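Q: build the 3D model from these lines:
(one chain, ligands or ions: 2)
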Amino acid sequence: MTIDRIAVLGAGAWGTALALEAHRAGRKVTLWTRRPEQADEIRRSRENAVYLPGIALPDDLAVTSDPAEAIDSADVLLLVVPAQHMRAALSSFEIPPGLPLVSAAKGIENTTDKTMSEVLAEMLPDNPAAVLSGPSFAGEAAAGKPTAVTLAAPDERLALALIEAFGTRTFRPYGSTDLVGAEVGGAVKNVLAIAAGIVAGMELGENARAALITRGLAEATRFAVALGGRAETLMGLSGIGDLVLTCSSTTSRNFSLGARLGKGEALEAILGRSPSVVEGVFTAASLHRRARTLEVEMPIAEGVDAVLNRGIDPGTVVKELLSRPVGWEFADAGPSAS
Ligand SMILES: NC(=O)c1ccc[n+]([C@@H]2O[C@H](COP(=O)([O-])OP(=O)(O)OC[C@H]3O[C@@H](n4cnc5c(N)ncnc54)[C@H](O)[C@@H]3O)[C@@H](O)[C@H]2O)c1
Ligand SMILES: O=P(O)(O)OC[C@H](O)CO
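A: Numbering: from 1, shown residues only. Ligands and ions are numbered 1, 2, ... in the order given. The predicted structure is shown next:
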């Protein structure tokens, strides 16, 4: 399988950065944005000034608002629309059966509590799916700084073709067949990054942040396994890798939002009129609901949902988390373990 022509659907920061990475890897790239005026502006200025300012886009990177122009000649579609808009965006496209789809969105759909691959499987069951996820701030990747991600597809040949299509010296996709584990890592870390931000905003200290990352990883792993993913995937780039990045940097929108919540600002005031997406805000409730249905214990994710959606103040949630009984660190490491 050879992938030469790539359509990137979604021209936010990450879609634009991935279009640039694919172009650097020698592919023919078309970047689609839903707004004709944005397509005109990017074509004119060779810059996505709203979402990825300061990064020059090459002249032969095509930009369009016509889905057919992007999709009809593509060997693969890279889906980089925010998770809550993925379904609507997909239903506005004519996608031929068999065309591989790679989701780079990190979230769970609020109206159905479905992961992105579940949405794809429901809407486009005849198209093979893959996931691109991992520690990757768009600005750094676009600037050519070294970035490594997980590229996961159940079809090994597709995973290998995608690695070949995107890989460069500085953009390094590592293959996996565990699509579920990879997408869970990306979706859950945004909720945990809000929690890490709250910890920072409340000045609870670096020990607390490290504890949160570690216990958060345990939550993400339990959730991934319950959905059919592999625990080892959460030890990789799309798991611990992305968790460490996003829980430690104010470049993260999720972490920054959490930090402002931790300092006492109201959610509505923080979200304001920013055009950028903070995926964890929408994923938290779905994650909590889905975890409950699967009987997976996720106290940190539950706490974030309580702050965002039930008006509980961060101090109360922290108190509750710290009141939980302590016990064995791993379920299989108690006195009955061999
Ligand atoms: N920015 C990053 O560093 C980064 C890195 C890795 C993954 N991601 C993930 O990529 C996805 C996209 O995030 P982003 O940072 O590129 O977005 P962004 O915040 O830069 O921009 C939002 C984009 O969504 C588009 N959009 C909004 N509503 C839409 C709709 N109904 N249909 C189609 N498009 C719509 C907007 O036009 C805009 O292009 C998210 O799931 C995010 O978690 C982002
Ligand atoms: O800015 P955030 O919090 O959406 O994080 C961006 C990327 O997902 C980091 O890998």
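
Q: against ligand 1, how distant is the residue nearest to residue 221 when sequence neighbours are not counted?
A: Sequence neighbours aside, residue 234 is the residue nearest to residue 221 in space, at 4.4 Å (criterion: CB to CB, 6 or more residues apart in numbering). Just so you know, the C-beta spots here come from the backbone N, C-alpha and C atoms, and that holds for glycine as well. With distances taken as CB to the nearest ligand atom, to the nearest Å, residue 234 is found 17 Å from ligand 1.

Q: what does residue 299 give?
A: For residue 299, the distance to ligand 1 - CB to the nearest ligand atom - is 23 Å.

Q: thinking again about what came up before, so for the residue nearest to residue 221, what's the pLDDT?
A: At residue 234, the pLDDT value in this model is 98.

Q: swap in residue 324?
A: pLDDT at residue 324 comes out at 95.

Q: check contacts around it.
A: residue 299 (CB atoms under 8 Å, 6 or more residues apart in numbering).

Q: okay, now the residue nearest to residue 221: neighbour count?
A: Burial of residue 234 is recorded as 29 neighbouring residues (other CB atoms under 10 Å).

Q: how about the one 5 residues further on?
A: Burial of residue 239, expressed as a neighbour count using other CB under 10 Å, amounts to 29.

Q: what of residue 115?
A: 27.

Q: enumerate the residues of the stretch 201-338 of the chain near ligand 1.
A: 276-277, 279 (CB under 6 Å from any ligand atom).

Q: mind putting those residues into TSV with pLDDT and distance to ligand 2?
A: Converted to TSV, these look like this (pLDDT from 0 to 100; distance: CB to the nearest ligand atom, whole Å):
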residue	pLDDT	distance to ligand 2
276	89	8
277	93	7
279	97	6
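
Q: got the buried residues for stretch 229-244?
A: 229-230, 233-234, 236-244 (16 or more other CB atoms under 10 Å).

Q: which one of the residues you listed is nearest ligand 1?
A: For the buried residues of stretch 229-244, the minimum distance to ligand 1 (CB to the nearest ligand atom) is 8.3 Å, reached by residue 242.

Q: need the contact list for that closest one.
A: So residue 242 contacts 133-136, 185-186, 189 (CB under 8 Å, 6+ apart).

Q: hmm, 7 Å instead?
A: With contact taken as CB atoms under 7 Å, 6 or more residues apart in numbering, residue 242 is in contact with 133-135, 185-186, 189.

Q: so what touches the lowest-mean-pLDDT helix or strand in the chain?
A: Every helix and strand of the chain was ranked by mean pLDDT, DSSP states H and E. The lowest is helix 267-271, at a mean of 94. Surrounding helix 267-271, the residues in contact under the criterion CB under 7 Å, 6+ apart are 257, 260-261, 278, 308.

Q: check which element follows it along the chain.
A: helix 279-294 (DSSP states H and E).

Q: check residue 272 and give its pLDDT.
A: pLDDT at residue 272 comes out at 88.
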